[in-house]
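1. No sequence on hand, only this structure:
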């Protein structure tokens, strides 16, 4: 698993009669839709729809699919940032290993609420906290240049 595989998403943005409709590309992202009144709001909503969709997948205990970026000039490319990409990788690792959040919180010695803050896609998390989580799952975080 590589962080760059979860860093960028693409969305098709089309105009209908009243709104700009945002549709995230890729298998597993069906139904990841939103809209904006203008193109600027549509671009803002593109990132929000990714976060909302991911949070829904987590809530229903489903794996977060890798994005399939279509960069043909007709798509809007959304960079979610390294913090979010690492959290997606962490959530998928937990899913693959069948480790529940309560168990991970126990392994790293924090409360369930503290772990929720670490895993939140809407809050920044320091790299050390994320690395601690990966270590506790037996999947040490490796960074290379």
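-> Received it, and whenever you're ready, just let me know what you need. Computed from a predicted structure; not experimentally measured. Residues are numbered from 1 along each chain as shown.
2. Check the most centrally placed residue in the chain and give its pLDDT.
-> Nearest residue to the geometric centre of the chain (C-alpha atoms, centre = their mean): residue 88, 4.7 Å. If you check residue 88, the pLDDT there is 95.
3. can you give me the helices for the chain?
-> 39-59, 82-97, 101-108, 112-119, 127-136 (DSSP state H).
4. Give me the neighbour count for residue 47.
-> When counting by other C-beta atoms under 10 Å, one arrives at 18 neighbours for residue 47. Bear in mind the C-beta positions are built from the backbone N, C-alpha and C, glycine included.
5. For it, which residues are in contact?
-> 78, 80 (C-beta atoms under 8 Å, 6 or more residues apart in numbering).
6. can you tell me how far it sits from residue 100?
-> Residue 47 sits at a distance of 28 Å from residue 100 (criterion: C-beta to C-beta, to the nearest Å).
7. how about TSV for the helices of the chain, with distance to residue 12 added?
-> Shown next, in TSV, are the helices of the chain (distance: least, C-beta to C-beta, whole Å):
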stretch	distance to residue 12
helix 39-59	10
helix 82-97	21
helix 101-108	33
helix 112-119	29
helix 127-136	31
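8. nearest spatial neighbour of the residue nearest to the centre of the chain, skipping sequence neighbours?
-> residue 6 (4.6 Å; C-beta to C-beta, 6 or more residues apart in numbering).
9. The one you found: how many residues sit nearby?
-> By other C-beta under 10 Å, neighbour count at residue 6 equals 21.
10. Check residue 113 too.
-> 9.
11. Likewise for residue 116?
-> 13.
12. before we move on, what about residue 24?
-> Counted with other C-beta under 10 Å, residue 24 comes out at 24.
13. how close does it sit to residue 106?
-> The gap separating residue 24 from residue 106 is 34 Å, by C-beta to C-beta.
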